[in-house]
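J.: have a look at this prediction, sequence included:
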Amino acid sequence: MAVKVKLYGNLRSKATGTDMTGEVGIVEMDGGKVRTIADIVGVLGLKEEDVSHLFLNNDYSALARSVKDGDVVAIFPKNMVLLYKWYFHKKE
């Protein structure tokens, strides 16, 4: 199994270090090689300051959150800021 990573906005063109196959902006990563969302951001060659909001299995999440096989991670860039931080609790 793998971790499915969905990249939004300009993060699609900024991501490096992996082959984006299949749907645009979707990357499959070996769940045994990444432990946290921060690991995923690093593997993709993204800078933390470019990332705005993160979701793990549809939950608003922090970079330190653990991932496992079968999880879905969505990463949004700063230029697509959402109002989630005012309305939803971020899971650490």
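T.: Done, it's in.
J.: who's in contact with the residue nearest the centre of the chain?
T.: The centroid of the chain falls nearest to residue 75 when counting by C-alpha atoms, centre = their mean (3.7 Å). Taking C-beta atoms under 8 Å, 6 or more residues apart in numbering, we find residue 75 in contact with 5, 6, 7, 8, 11, 37, 40, 41, 46, 51, 53, 54. All C-beta spots, glycine's among them, are computed from the backbone N, C-alpha and C.
J.: hey, which helix or strand in this structure has the poorest pLDDT?
T.: The helix or strand of the chain with the poorest confidence is helix 84-87; it has a mean of 60 (mean pLDDT, DSSP states H and E).
J.: circling back to that earlier point, specify the beta-bridge partners of the residue nearest to the centre of the chain.
T.: Beta-bridge partners for residue 75, by DSSP bridges, are residue 7, residue 54.
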